[in-house]
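Student: No letters, just coordinates:
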């Protein structure tokens with residue numbers, strides 16, 4: 001079933017290009033779409049002018065890089081987070097970090113030990 005759905009998804013952009021009369025296209029893809037676009041480009045290189053990938057998933061097997069952790073271990077790790085630690089992470093993650101964009105909502109959702117600490 002998955003293989004059939006995957007092949008349908010991979011062939012659909014080509015059919016759309018044919019229908020629209022477009023010979024070559026530039027593909028911009030994110031996340032799971034990045035994996036699908038990369039596979040489409042490998043299968044149909046003559047139809048892809050350029051390929052732009054933003055944070056694609058599925059191109060690497062992260063099980064080889066990240067050790068297994070149980071749900072309890074992951075939950076315990078999340079409870080250790082502080083507002084300051086989350087702010088520091090977010091500042092490094094976003095290019096246009098604004099100090100007023102605090103981690104209060106994220107911290108409350110994650111169940112941080114003390115959301116008021118900074």
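Tutor: It's in. Everything quoted here is computed from the prediction, not taken from an experiment. Residues are numbered from 1 along each chain as shown.
Student: quick one: average pLDDT of the helix or strand encompassing residue 13?
Tutor: If you go by DSSP states H and E, residue 13 is part of helix 2-20. Here helix 2-20 scores 73 as its mean pLDDT.
Student: Now do the buried residues in the helix or strand that comes right after that helix.
Tutor: Downstream of helix 2-20, the next assigned helix or strand under DSSP H and E is strand 25-30. By neighbour count on 16 or more other CB atoms under 10 Å, the buried set for strand 25-30 is 25, 27, 29. C-betas here are computed from N, CA, C, even on glycine.
Student: Show me what the last one is bridged to.
Tutor: To tie it back to what came earlier, the one meant is residue 29. Counting by DSSP bridges, residue 29 is bridged to residue 53.
Student: ok, it to residue 16 distance?
Tutor: 14 Å (CB to CB, to the nearest Å).
Student: Most remote residue from the middle of this structure, which is it?
Tutor: residue 21 (31.1 Å; CA atoms, centre = their mean).
Student: and the gap between the residue most central in space within the chain and residue 43?
Tutor: With distances taken as CA atoms, centre = their mean, the residue of the chain nearest its centroid is residue 31 (3.8 Å). Distance, residue 31 to residue 43, by CB to CB: 19 Å.
Student: likewise residue 91?
Tutor: In this structure, residue 91 and residue 43 are 40 Å apart, going by CB to CB.
Student: Show me how this structure divides into domains.
Tutor: According to automatic domain parsing, the chain comprises the domains 2-54, 69-110.
Student: What's the local residue count around residue 34?
Tutor: 21 (other CB atoms under 10 Å).
Student: which residues does residue 31 contact?
Tutor: Contact analysis of residue 31 by CB atoms under 8 Å, 6 or more residues apart in numbering lists 54, 55, 56, 57.
Student: if you go through this protein in chain order, where are the strands?
Tutor: Using DSSP state E, the strands found in the chain span residues 25-30, 48-54.
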